[in-house]
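Student: A structural model of the following input is requested.
(4 chains)
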Protein chains: 2
Amino acid sequence: MLSNACKYAIRSILYLAINSSEDNKIGVKIIAEELETPQPFLAKLLQQLTRDKLVSSTKGPNGGFYLNEKNLNNAVWDVIISIDGTDKFDNCFLGLAKCDDRNPCPVHFIVSPFKEKILGSFRDKTIEEYVVEIQNTNRVISLKDLDLFEDEGS
Amino acid sequence: MLSNACKYAIRSILYLAINSSEDNKIGVKIIAEELETPQPFLAKLLQQLTRDKLVSSTKGPNGGFYLNEKNLNNAVWDVIISIDGTDKFDNCFLGLAKCDDRNPCPVHFIVSPFKEKILGSFRDKTIEEYVVEIQNTNRVISLKDLDLFEDEGS
DNA sequence: ACCATTAAAGATATTAATATCTTTTACTAT
DNA sequence: ATAGTAAAAGATATTAATATCTTTAATGGT
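Tutor: Sure, this is the predicted structure:
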């Protein structure tokens, strides 16, 4: 559904939303380590996101990437468009050239509600709202979020 | 989620289930045309499915591919395993190395029920049962199934 | 002014997926 | 037997995705 590139990009932007600010910029190296992604590849993606004004950056010492207020008000969907384009979501799960409610593939009515749901989430929530949800419900996006205790019980 | 190869393979096997029989074998050429897939590529896939005993075939005149009773009792899931392997379904939607109920990515609880549902459908229903459902509910898998009337109303 | 740091940009490399081509083998009908 | 047909097998080609490398530009601290 999403390319690796796009997955990296989404997690990066959420990571920056949570951990960076105008006076706490974060370099690619850190982000790549924290998200376990290939560093130079991620650099390219962040470049792309920066060109599209989805993240902010400055060069030089204390430089790095961060999100400003405007960036925080974009949607995850904007990231997807920037990196993958819109196509991947439109395509039929079984590869039919034409698949819709009228001409549904055998799994159309399983896939379709899911797509609507996740697409809705990506499109209607801002990055900022995502962050609130992530924090309120202990969602994981990077290594440091991991709950490593396998067993809890007595 | 599924590779093109796997999508072709699934539609092929459903197509054969519906249209072929021991004494009505179908050649790659026809199948490829009907499903709008690249012919030699599909040939490779059918070869693979044949090796794994998911479809049957004979060479020579009146030869071609078909499904026997045994083949009809496999699941779509077997096709997926044969072509893509199991991994694609296990992976996190946002690319987290570890993503489960305890360490969920931000969309885990949207994706997870969908995966269970579709995986269940692929695993628990036989090809034969799929065919019954396809026919009872007018599902589309090939060109000839298409309902081309765009508008119905008066 | 100079140096170290870090992103930007452009070029290149690698890999995996997709697709095609060629030769061989099996089978059928005549 | 022979010719024609169709899949099997193996080799090759193309493309897109992923990943890396190198050079350049901007910035900040000394």
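Student: of all the residues in chain A, which ones are close to DNA strand D?
Tutor: A:3-5, A:37-41, A:43-44, A:58-63 (C-beta under 7 Å from any atom of the strand). In short, each C-beta sits where N, CA and C put it, glycine included.
Student: Narrow these to just the buried residues.
Tutor: A:5, A:37, A:43 (16 or more other C-beta atoms under 10 Å in any protein chain shown).
Student: residue contacts, the first one?
Tutor: A:Ala5 makes contact with A:41, A:45, A:83-84 under the criterion C-beta atoms under 8 Å, 6 or more residues apart in numbering or on different chains.
Student: And A:Gln135, by the same measure?
Tutor: A:Ile18 are the contacts of A:Gln135 under C-beta under 8 Å, 6+ apart.
Student: which other helices and strands contact whatever helix or strand A:Asp78 lives in?
Tutor: A:Asp78 belongs to helix A:76-83 when assigned by DSSP states H and E. For helix A:76-83, the packing partners by 3 or more C-beta pairs under 8 Å, 6 or more residues apart in numbering or on different chains; DSSP states H and E come out as helix A:4-19, helix A:39-51, helix A:108-124.
Student: Close to chain B: what parts of chain A are there?
Tutor: Within chain A, the positions lying close to chain B (C-beta under 8 Å from any C-beta of the partner chain) are A:1-2, A:4, A:7-8, A:10-11, A:14, A:36, A:93-99, A:102-108, A:110-111, A:114, A:117-118, A:121, A:130, A:133-134, A:139-141, A:145-147.
Student: and A:Phe122, how many residues sit next to it?
Tutor: Look at A:Phe122: counted by other C-beta atoms under 10 Å in any protein chain shown, it has 21 neighbours.
Student: Isn't it up against A:Val76?
Tutor: Yes - using C-beta atoms under 8 Å, A:Phe122 makes contact with A:Val76 at a distance of 4.3 Å.
Student: Quick check: residues of chain A near DNA strand C?
Tutor: Near DNA strand C, when you scan chain A using C-beta under 7 Å from any atom of the strand, you find A:25-29, A:40, A:43-44, A:46-47, A:50-51, A:57-65.
Student: make it 10 Å
Tutor: A:25-32, A:39-51, A:55-66, A:95 (C-beta under 10 Å from any atom of the strand).
Student: Which positions within the helix holding A:Asp78 qualify as buried?
Tutor: Buried residues in helix A:76-83, counting neighbours by 16+ other C-beta under 10 Å, are found at A:76-80, A:82-83.
Student: Check for me that A:Ser60 belongs to a helix.
Tutor: Ser isn't right for residue A:60; it's Gly. No - counting by DSSP: H, G, I helix; E, B strand; the rest coil, A:Gly60 falls outside a helix, being coil.
Student: Report the separation between it and B:Asn73.
Tutor: 66 Å (C-beta to C-beta, to the nearest Å).
Student: swap in A:Cys105?
Tutor: Taking C-beta to C-beta, one finds A:Cys105 at 22 Å from B:Asn73.
Student: more neighbours, those two?
Tutor: Neighbours per residue (other C-beta under 10 Å) separate A:Cys105 from B:Asn73, with A:Cys105 holding more: 26 against 13.
Student: Which secondary structure state does that one sit in?
Tutor: Applying three-state DSSP: A:Cys105 is coil.
Student: Hmm, A:Asn91 and it touching each other?
Tutor: No - the pair A:Cys105 and A:Asn91 fails to qualify as a contact (C-beta under 8 Å) at a distance of 10.8 Å.
Student: Of the residues of chain A next to chain B, keep whichever come out buried.
Tutor: Buried positions within the residues of chain A next to chain B, assessed by neighbour count (16+ other C-beta under 10 Å), are A:1-2, A:7-8, A:10-11, A:14, A:93-96, A:99, A:103-108, A:110-111, A:114, A:118, A:121, A:130, A:134, A:139-141, A:145.
Student: Where does pLDDT dip in chain A?
Tutor: A:150-154 (pLDDT under 70).
Student: got the CA positions of stretch A:47-59 in CSV?
Tutor: Coordinates of each C-alpha in stretch A:47-59 appear next as CSV, following Å, rounded to 0.1, in the frame of the first residue of the first chain:
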residue,chain,number,x,y,z
GLN,A,47,14.8,16.9,1.4
GLN,A,48,11.7,16.2,-0.6
LEU,A,49,9.5,17.0,2.3
THR,A,50,11.3,20.2,2.9
ARG,A,51,10.9,21.2,-0.8
ASP,A,52,7.2,20.6,-0.4
LYS,A,53,7.2,22.7,2.8
LEU,A,54,6.0,19.8,5.0
VAL,A,55,9.1,20.0,7.2
SER,A,56,11.5,22.9,7.9
SER,A,57,15.3,22.8,8.0
THR,A,58,18.4,24.9,8.5
LYS,A,59,21.9,24.1,7.6
